[in-house]
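>>> show me how the following folds:
(chains A and B)
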Amino acid sequence: MVPVVFALAAVVAVVFAIVTIAHSSPVINVLSLVVVFFAMAAIFALLGMDFLAAIQIIVYSGAILVLFLFVIMLLNIRSVERLGSGRRVQALLGTVVAVGIGAAALTAVSLLTPTSGAVYPGSLETGTVVPIGRALLTTHLFAFEFITLLLVAAIVGAVYLARRDP
Amino acid sequence: MTDIPIPHTWVLALSAALFAIGTLGVLLRRNGIAIFLSLELMLNSANLAFVAFAMTLAARPDGAEAALAGQLFVFFVIGVAAAEAAVGLALFIALHRLKGAIDVDRVNILRW
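Presented below is the predicted three-dimensional model:
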């Protein structure tokens, strides 16, 4: 059961990732990336990381990608650009580099022994909100505070960049 | 219910595939928003790899701390991605105001 659900989610993720990078309409790009993130949230939930799955949907699909959608509609972008259109040499080199990176990563993964870390779905005690919240506010408090600082700096910078010239 | 465990190499293989697709998008697209979306895809494939390794360590007897650390790294990556999206989209708004398009080929002021 679990491998079947995982395979289904993986196929959905890969197919819609290809739609994300290949389709010419930006709105369809964003919406198919939402589907990819839902498939990834399904995988997180399958592996027992419940809180992570919820955050993936609420923060990533709900906040960040809606920001993308908002900007696309604000700027009224109607792209007619297709994948790899334009410069031939760049398209060829880009394909070679991306396929090379993918092949190298897959080779490295295939060298690992699959039995060394079997995943037992649903058996993770640290996947819920209590242990994560405790670790976030005790062990990793410093990093947590710095992330908040980074977000404040980014928002202030974004407002400064996007405003009209005085 | 006894379930068959998923090998962590499956999750890592999916992560590698998504990373390669994202790289292809970053290198081949010219629309700024599309490049940004491909970048988000690459960040998420890294998250998937974090999760896979966290699960590997969680299978060990003393691995609870490591499994927690893997998940917290994913949260920090999501935080950094949110900051990056905010600044990047503001840059694209400014660029659109300046050039009337967000085609990255038209951003050539600093090109020599």
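>>> which helix runs longest in chain A?
Of all the segments assigned as helix in chain A under DSSP state H, the longest by residue count is helix A:88-111.
>>> who's in contact with that helix?
Contact partners of helix A:88-111, identified using Cβ atoms under 8 Å, 6 or more residues apart in numbering or on different chains, comprise A:84-85, B:9, B:12-13, B:15-17, B:19-21, B:23-24, B:27-28. C-betas here are computed from N, CA, C, even on glycine.
>>> ok, which stretches of chain B are strands?
Per DSSP state E, chain B carries strands over the ranges B:6-7.
>>> next up, the contacts around the residue nearest the centre of chain B.
Among the residues of chain B, the smallest C-alpha distance to the mean C-alpha position (Cα atoms, centre = their mean) belongs to B:Leu43, namely 1.1 Å. By Cβ under 8 Å, 6+ apart, B:Leu43 lies in contact with B:Val77, B:Ala81.
>>> can you do 10 Å?
B:Leu43 makes contact with A:Tyr60, B:Phe19, B:Gly22, B:Val74, B:Val77, B:Ile78, B:Val80, B:Ala81, B:Glu84, B:Ala85, according to Cβ atoms under 10 Å, 6 or more residues apart in numbering or on different chains.
>>> residue 48: neighbour count?
Using chain A. Other residues lying near A:Gly48 total 21 when counted by other Cβ atoms under 10 Å in any protein chain shown.
>>> that's the other chain; I wanted chain B
Other residues near B:Leu48 number 24, with proximity taken as other Cβ under 10 Å.
>>> quick one: contacts for the residue nearest to it when sequence neighbours are not counted?
Distances taken as Cβ to Cβ, 6 or more residues apart in numbering or on different chains place B:Ser15 nearest to B:Leu48, at 4.0 Å, with adjacent residues excluded. The contact partners of B:Ser15, taken as Cβ under 10 Å, 6+ apart, are A:13, A:40, A:105, A:109, B:44-53.
>>> I'd say A:Gly133 and A:Phe51 touch.
Yes. Under the contact definition of Cβ atoms under 10 Å, A:Gly133 touches A:Phe51, with a separation of 8.7 Å.
>>> and these two? which has more neighbours close in?
Neighbours per residue (other Cβ under 10 Å) separate A:Gly133 from A:Phe51, with A:Phe51 holding more: 19 against 11.
>>> check which helix or strand the more buried one maps to.
Assigning secondary structure by DSSP states H and E places A:Phe51 in helix A:50-55.
>>> hmm, that helix touching chain B?
Yes. Part of helix A:50-55 sits near chain B under the criterion Cβ under 10 Å from any Cβ of the partner chain, namely A:Phe51, A:Leu52, A:Ile55.
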